[in-house]
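Colleague: What follows is a predicted protein model with its sequence.
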There are 2 protein chains.
Amino acid sequence: MKEPVKTIRDTNDEARQLARRLVRGARFAAIGVLEPETGFPFTSRVLSGTDTDGTPVILVSGLSVHTTALLADPRASLLFGEPGKGDPLAHPRIALRTRAVRVSREDEGHVALRARFISRHPKAALYADFPDFTFFRMVPESASLNGGFGKAYVLEASDFLIESPAISDLAAIEPGAIEHMNTDHASSADAYARAFAGSKRAGWKVCGIDCAGLDLANGDELIRIEFEEPLTDANQLRAILVNLSRFASQK
Amino acid sequence: MKEPVKTIRDTNDEARQLARRLVRGARFAAIGVLEPETGFPFTSRVLSGTDTDGTPVILVSGLSVHTTALLADPRASLLFGEPGKGDPLAHPRIALRTRAVRVSREDEGHVALRARFISRHPKAALYADFPDFTFFRMVPESASLNGGFGKAYVLEASDFLIESPAISDLAAIEPGAIEHMNTDHASSADAYARAFAGSKRAGWKVCGIDCAGLDLANGDELIRIEFEEPLTDANQLRAILVNLSRFASQK
């Protein structure tokens, strides 16, 4: 009992994988910001998605406290990981230290970012174009991961961002690939959802593809499937999807 | 379309009631604090309960980032309101601006606070007495309530704290009253849970009674029942519980 408690574990692949799943599979996050003038911390809930390099993206109203705060001071914390039933502290969660970078309608990446986010959150199409709504890329610096009691890790941004020379090439073909999957292979998403997440629902659609995996949406539900290794060439995508389908059909 | 948007609604009883239900019925919260030295906001998840005056109470490990932060700067934000299924932003939530006051083992109120918290979170008995764990009363100053799209309110602490001349009298008889309910009227809690929250489970126990209502626990589930009016005299409790039972048996 006298031994000093080791509170932070060495980061391993299991921790990295958990971090990626929590961030990329999230529909929302608790955001912590600094209130202007008082500097008081303020927490709120925001819808979340990811950019093609795994950077979290949020869509927020300019009328909210958190947006006013982010425009005054970009430092923000994002807590991912839904608690669900049972002991709230037994569910894994991750807190990212991020700096918010606004993506205005005039910015080059806005159209693609918006399309990707709306694909994940179809209902957000109702208000995403309201004049007071805006996107932020939440560029992470580090993170605290808690995988359950006694399982604390400190992660670098590189542990949960996507690194690949193929990011922009894949981003360029992403809309076409999603369209192709949902039109010509409409049953694949249901098969993936069944095989990788045990879903018994029908009606899943691919809503995002990046170098590290793909996202499936079904109404307000979301499933993240990670590839075994990130793509290094966008041309590898077809083979990977065929492999996933083969695996799914055997389950 | 040119009319200025009214973003904050006038606080009414419906908003106050929602705020009380969110804070008092919570099993956990997202906490936002200021990291020492950097002043970066940091969010995390904590178990929550309430003191007999409705002040939120948290039990935290001294090894965590949020505890270190609270000891350096007591300002904290607590986000209550579980999202659950469906649109995450359609679920009500409330962010409290609070100042953390540590309740040490030597403090007068510690025994009662601990007993109340453990009654709500029985599993916390496993670690509540570890040397590095500590309770904080999170004294609220104000709150931002979001009842869903376009339903934003700013509340004062008095809107969701319990005000009654009977708080300390009721706190004194609370342990005996809980024991009595769970021993001599063991079926009452199940009847309350069925009548007031539609629960079909058996095994509910009363885990807290204050001037404004009572808390029922069943493993990791929690139900908050608010009285129509707060008690003004601890002697009113018996009649109120009898009335609740009568109401429940008629449902």
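Modeller: Thanks, I have it.
Colleague: so how far is the helix ranked longest in chain A off the chain centroid?
Modeller: Secondary structure of chain A read by DSSP state H shows that its longest helix is helix A:167-184. Mean-position distance between helix A:167-184 and its chain equals 18 Å (CA atoms, centre = their mean, to the nearest Å).
Colleague: what's in contact with the helix or strand just after that helix?
Modeller: Sequence order places helix A:188-197 as the next helix or strand after helix A:167-184, per DSSP states H and E. Helix A:188-197 is contacted by residues A:181-182, A:199-206, A:214, A:216, A:218, A:223, A:225, A:241, A:244-245, A:247-249, A:251 when judged by CB atoms under 8 Å, 6 or more residues apart in numbering or on different chains. Backbone N, C-alpha and C define where each C-beta goes, glycine included.
Colleague: mind listing what's buried in the longest helix of chain A?
Modeller: For helix A:167-184, the neighbour count (16 or more other CB atoms under 10 Å in any protein chain shown) marks A:167, A:169-171, A:174, A:177-178, A:181-182 as buried.
Colleague: how about the residues of the stretch 1-150 of chain A that lie near chain B?
Modeller: When proximity is defined as CB under 8 Å from any CB of the partner chain, the stretch 1-150 of chain A approaches chain B at A:5, A:7, A:27-28, A:30-34, A:39-45, A:47, A:63-65, A:75-79, A:81-83, A:85-89, A:93, A:95, A:97, A:123, A:132, A:144, A:146.
Colleague: Keep only those of those residues that are in strands.
Modeller: Of the residues of the stretch 1-150 of chain A next to chain B, the ones assigned to strands by DSSP state E are A:28, A:30-34, A:41-45, A:47, A:75-79, A:93, A:95, A:97, A:144, A:146.
Colleague: my guess is A:Leu155 contacts A:Gln17, does it?
Modeller: No - if you go by CB atoms under 8 Å, A:Leu155 and A:Gln17 don't touch, sitting 11.3 Å apart.
Colleague: Now do the SS call for A:Phe117.
Modeller: helix (DSSP: H, G, I helix; E, B strand; the rest coil).
Colleague: ok, and the closest non-adjacent residue to it?
Modeller: The spatial neighbour of A:Phe117 that comes closest, neighbours along the chain excluded (CB to CB, 6 or more residues apart in numbering or on different chains), is A:Gly49 at 4.5 Å.
Colleague: show me the contacts for the residue lying closest to A:Pro165 once chain neighbours are set aside.
Modeller: The shortest distance from A:Pro165 to any non-neighbouring residue, by CB to CB, 6+ apart, is to A:Thr232 (6.0 Å). A:Thr232 sits next to A:164-166, A:211 when contact means CB under 8 Å, 6+ apart.
Colleague: correct me, but A:Ala143 touches A:Ile94?
Modeller: Yes - with contact defined as CB under 8 Å, A:Ala143 counts as touching A:Ile94 (5.4 Å).
Colleague: Identify the contacts common to the two.
Modeller: Contacts common to A:Ala143 and A:Ile94, judged by CB under 8 Å, 6+ apart, are A:19, A:155, A:160.
Colleague: Share the number of residues neighbouring the first one, please.
Modeller: Right, the one you point to is A:Ala19. 24 (other CB atoms under 10 Å in any protein chain shown).
Colleague: With adjacent residues omitted, what lies nearest to it?
Modeller: Nearest one to A:Ala19, counting by CB to CB, 6+ apart, is A:Phe160 at 4.3 Å.
Colleague: how much space between the one you found and B:Gly32?
Modeller: 21 Å (CB to CB, to the nearest Å).
Colleague: Of these two, which one has the most company?
Modeller: Per other CB under 10 Å, whichever of A:Phe160 and B:Gly32 has more neighbours is B:Gly32, with 33 against 28.
Colleague: ok, the more buried one - contacts?
Modeller: Neighbour list for B:Gly32: A:30, A:32-33, A:41-43, A:77, B:41-43, B:76-79 [criterion: CB under 8 Å, 6+ apart].
Colleague: sorry, back to before: weed out the non-buried ones from the residues of the stretch 1-150 of chain A next to chain B.
Modeller: A:27-28, A:30-34, A:40-45, A:47, A:63-65, A:75-79, A:81-83, A:87-89, A:93, A:95, A:97, A:144, A:146.
Colleague: got a list of what A:Tyr153 touches?
Modeller: With CB under 8 Å, 6+ apart, A:Tyr153 has these contacts: A:8-9, A:11, A:15, A:19, A:144-147.
Colleague: Let's see that with 10 Å instead.
Modeller: Residues near A:Tyr153 by CB atoms under 10 Å, 6 or more residues apart in numbering or on different chains: A:8-12, A:14-16, A:18-19, A:94, A:143-147, A:159.
Colleague: can you check A:Gly213 too?
Modeller: Contacts of A:Gly213 (CB under 10 Å, 6+ apart): A:20-21, A:24-25, A:54, A:162, A:196, A:224-228, A:230-231, A:240, A:244.
Colleague: Then A:Thr11?
Modeller: A:19, A:145, A:153-156, A:159.
Colleague: Equivalent analysis for A:Phe117, please.
Modeller: Taking CB under 10 Å, 6+ apart as the test, what A:Phe117 contacts is A:47-51, A:57-59, A:103, A:124-125, A:128, A:135, A:207-208.
Colleague: Check A:Ile240 too.
Modeller: Applying CB under 10 Å, 6+ apart, we find A:Ile240 in contact with A:209, A:213-214, A:227-229, A:231.
Colleague: Check whether it sits in a helix, strand or coil.
Modeller: helix.
Colleague: Could you give the residue of the stretch 101-250 of chain A that lies closest to chain B?
Modeller: A:Asp220 (5.0 Å; CB to the nearest CB).
Colleague: Spatially nearest residue to that residue (excluding sequence neighbours)?
Modeller: B:Gly86 (5.0 Å).
Colleague: Next, the contact list for the one you found, please.
Modeller: With CB under 10 Å, 6+ apart, B:Gly86 has these contacts: A:123, A:219-221.
Colleague: if we can go back for a sec, backbone torsions only: list them for the residue nearest to A:Phe117.
Modeller: phi -140, psi -170 (degrees, to the nearest 10).
Colleague: Could I get the pLDDT score of it?
Modeller: On pLDDT, A:Gly49 comes in at 97.
Colleague: What about it, how many residues nearby?
Modeller: 26.
Colleague: how near is it to chain B?
Modeller: Per CB to the nearest CB, to the nearest Å, A:Gly49 is found 12 Å from chain B.
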